[in-house]
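Enquirer: just need the structure, nothing else, for what follows:
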Amino acid sequence: MRFVSTAFIFLVIIFINSCATWRSDYQAPDLSLVNITMLESQGFEQLYEVKLRIQNPNDLEFPIKGMSYRLNLMGAKFATGVNDDKILLKPFSEEVVTFKVTTNWLQAGRALLNLSKQENPVVDYSMNAKIHTDKLFLGTIPVEKVGKLELESLFNQESN
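Expert: Residues are numbered from 1 along each chain as shown. Below you'll find the predicted structure:
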């Protein structure tokens with residue numbers, strides 16, 4: 001009997017904590033592209049370092065346990081990547097994080113061809129990400145972002 005009452009109290013505590021986590025005014029984190037740095041190439045693949053700004057617009061901590069993402073430049077698929085870095089975003093905070101992405105020459109070629117035709121110094125980009133969290137009842141959160149970035153500040157060479 002004591003085990004049943006202890007288990008019941010434990011379940012009630014988990015339920016109350018979950019309800020506090022899942023609220024109707026909860027907003028998904030916001031992502032924005034900060035920079036892309038070209039790293040090394042291997043065979044038909046090119047490695048890039050991508051800096052993303054992640055913002056937590058909520059009054060609760062947001063623990064990220066991993067992400068998968070796809071980056072498009074000027075409407076063409078540019079790169080994909082995954083990351084298992086643990087990030088804890090405090091309430092109403094933001095953090096710039098660095099991820100590695102790979103692209104094959106064909107994908108990069110299409111995106112760079114579109115960029116070369118660009119007369120405007122502003123680049124359109126879109127990102128699709130799945131943010132995996134440890135928060136009970138949040139699980140995986142899909143995030144889509146469409147934005148613009150100055151062409152001049154988008155690509156930087158690796159600094160040694």
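
Enquirer: surely Met148 meets Asn120?
Expert: Heads up, residue 148 is Lys, not Met. No: if you go by CB atoms under 8 Å, Lys148 and Asn120 don't touch, sitting 9.3 Å apart. (Each C-beta comes from the backbone N, C-alpha and C, glycine too.)

Enquirer: who has more neighbours, these two?
Expert: Between Lys148 and Asn120, Lys148 has the larger neighbour count (other CB atoms under 10 Å), namely 11 against 8.

Enquirer: where does that one land on pLDDT?
Expert: For Lys148, the pLDDT comes out at 87.

Enquirer: residues in contact with the residue nearest the centre of the chain?
Expert: Nearest to the geometric centre of the chain sits Ala129, at 5.3 Å (CA atoms, centre = their mean). Going by CB atoms under 8 Å, 6 or more residues apart in numbering, Ala129 touches 31, 67-70, 142-145.

Enquirer: and for Lys100?
Expert: 39, 47-50, 81, 83.

Enquirer: can you tell me the strand partners of the host helix or strand of Tyr48 and which way each runs?
Expert: Taking DSSP states H and E as the criterion, Tyr48 maps to strand 45-56. Using DSSP bridges, strand 45-56 pairs in its sheet with strand 30-42 (antiparallel), strand 93-104 (antiparallel).

Enquirer: weakest of these in terms of mean pLDDT?
Expert: Of all the strands paired with strand 45-56, mean pLDDT reaches its minimum on strand 30-42 (a mean of 87).
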